[in-house]
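[1] Predicted structure and sequence below. I'll ask about it afterward.
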Amino acid sequence: MLIRRSSDIIPSEITTPELYKARREFMQLGSRAALAGAVSLALPWSEAKAAVLAGVQPNRMKITDKPTRQKDATSYNNYYEFGVNKDEPAENARALKTSPWTIVVEGLCNKPRSFAIEDLFKLAPLEERIYRMRCVEGWSMVIPWIGFPLASLLKAVEPQGSAKFVEFVSLYDRKTMMGTWQPILDWPYTEGLRMDEALHPLTLMAVGMYGETLPPQNGAPIRLVVPWKYGFKGAKSIVRIRLVEKMPGTAWNKAAANEYGFYSNVNPDVPHPRWDQDTERRIGELTKRKTLMFNGYSEVASLYAGMDLKKNF
Ligand SMILES: Nc1nc2c(c(=O)[nH]1)N[C@H]1C(S)=C(S)[C@@H](COP(=O)(O)O)O[C@H]1N2
Ligand SMILES: [Mo]
């Protein structure tokens, strides 16, 4: 068998069977793709998703890593609202009601408003982005997301000059989320980004993965993905986005400020107080690999020019 270095492999050759199948389905639906925008406005998300996904733009990001098996990415999850063990969210998040869904965008902007999830597809075309995801716990995956840049959502509400940070709030529903009966975090789960991080083209609002809509356990119907930061920055099932002047508190920072900083950039040189961060276990691989600065997304380095990233961890 011919063996090549991974950097010689082009993305189309490393497609998982699942993704390949989904792509073929896109192609079969291709003639309907032009309709996707119109269809998505007229139908609820649950019904429009096939048409919306048919309009997904091909992946524009260079990625040489093999995507994690879909089965692993959808059965080994962190979603504490639905339980603290990795296998619990897949089971318990079935109770999550994702339609209808609205996101309120408010705070320091000229056009605060709430978006029905269908409205979000008017903002920008959906794209596939294959990103590495590094959890602060020391494991990683490679996930083919479907989504649109957060920047297009923020631009739609016209941020004011005083808006320096963006806060994200996840759904908090005590009825269906038994995890929230425990005071593990200060519910709802919240996260935050500096405005320039939020506007960075890599920062994605994901509505799908592996060619399908997001499964509940992965944060349906819409979640944040910031590939150069630890996975916990990617708040799931977002219901509210606030543009604010001061650095917002975040759920994990409030729970343990010495362990989880606001920035939480992937950084092999800053150990977690209880373990090292210079290597990681890629789910599906046997040997550990080295963790890369900014999770390998070196293009974001300029956002932090002049900052001490050991202090601002
Ligand atoms: N609302 C909410 N969002 C969350 C979490 C959570 O517990 N609740 N866990 C975070 C963590 S620690 C990680 S690593 C990722 C995991 O995403 P995945 O299950 O889709 O791989 O979601 C993040 N977003
Ligand atoms: Mo994580």
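    Received it, and whenever you're ready, just let me know what you need. Ligands and ions are numbered 1, 2, ... in the order given.
[2] what about the residue of the stretch 151-300 of the chain found nearest ligand 1, distance to residue 173?
    Distance from ligand 1 to each residue of the stretch 151-300 of the chain (CB to the nearest ligand atom) is smallest for residue 231, at 2.6 Å. In short, each C-beta sits where N, CA and C put it, glycine included. When distances are taken as CB to CB, to the nearest Å, residue 231 and residue 173 turn out to be 22 Å apart.
[3] And the two? Which one has more around it.
    Between residue 231 and residue 173, residue 231 has the larger neighbour count (other CB atoms under 10 Å), namely 20 against 16.
[4] Let's test this: what are the backbone torsions at the residue of the stretch 151-300 of the chain closest to ligand 1?
    Backbone geometry at residue 231, expressed as degrees, to the nearest 10, gives phi -60, psi -30.
[5] Contacts only, for it.
    If you count contacts by CB atoms under 8 Å, 6 or more residues apart in numbering, residue 231 has them with 78, 133, 134, 135, 136.
[6] buried set for the helix or strand hosting the second one?
    Read that as residue 133. Residue 133 belongs to strand 127-134 when assigned by DSSP states H and E. When burial is assessed from 16 or more other CB atoms under 10 Å, strand 127-134 yields the following buried residues: 127, 128, 129, 130, 131, 132, 133, 134.
[7] Pull the number of nearby residues for residue 64.
    By other CB under 10 Å, the residues close to residue 64 number 15.
[8] Please apply the same query to residue 81.
    As a burial measure, the neighbour count of residue 81 was computed by other CB under 10 Å and equals 26.
[9] how about the strands in the stretch 201-313 of the chain?
    204-209, 212-213, 223-225, 238-244, 279-282, 289-290 (DSSP state E, counting those that start in this stretch).
[10] again, but for the stretch 1-150 of the chain
    For the stretch 1-150 of the chain, applying DSSP E, counting those that start in this stretch gives strands covering 102-107, 113-116, 127-134, 139-149.
[11] for ligand 2, what are the nearby residues on this structure?
    Residues of the chain found near ligand 2, taking CB under 5 Å from the ion as the criterion, are 78, 135, 231, 232.
[12] Turn those into a markdown table, columns for distance to residue 145 and pLDDT.
    Converted to a markdown table, the residues of the chain next to ligand 2 look like this (distance: CB to CB, whole Å; pLDDT from 0 to 100):
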| residue | distance to residue 145 | pLDDT |
| --- | --- | --- |
| 78 | 16 | 98 |
| 135 | 16 | 98 |
| 231 | 13 | 98 |
| 232 | 16 | 98 |
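[13] Please list only the buried members of those.
    Counted by 16+ other CB under 10 Å, the residues of the chain next to ligand 2 give 78, 135, 231, 232 as buried.
[14] would a markdown table of the strands of the stretch 201-313 of the chain with mean pLDDT, mean neighbour count and distance to ligand 1 be doable?
    Converted to a markdown table, these look like this (pLDDT from 0 to 100; neighbours: other CB atoms under 10 Å; distance: least, CB to the nearest ligand atom, whole Å):
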| stretch | mean pLDDT | mean neighbour count | distance to ligand 1 |
| --- | --- | --- | --- |
| strand 204-209 | 95 | 24 | 8 |
| strand 212-213 | 90 | 19 | 13 |
| strand 223-225 | 98 | 23 | 7 |
| strand 238-244 | 98 | 21 | 8 |
| strand 279-282 | 98 | 17 | 12 |
| strand 289-290 | 98 | 10 | 17 |
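[15] Any chance of TSV for those strands, columns distance to residue 85?
    Converted to TSV, the strands of the stretch 201-313 of the chain look like this (distance: least, CB to CB, whole Å):
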stretch	distance to residue 85
strand 204-209	21
strand 212-213	24
strand 223-225	20
strand 238-244	23
strand 279-282	17
strand 289-290	25
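[16] tell me the contacts of the nearest residue to residue 260 once chain neighbours are set aside?
    Taking CB to CB, 6 or more residues apart in numbering as the measure, residue 260 lies nearest to residue 252, with 3.9 Å between them; neighbours along the chain are not counted. Taking CB under 8 Å, 6+ apart as the criterion, residue 252 is in contact with 185, 232, 259, 260, 264.
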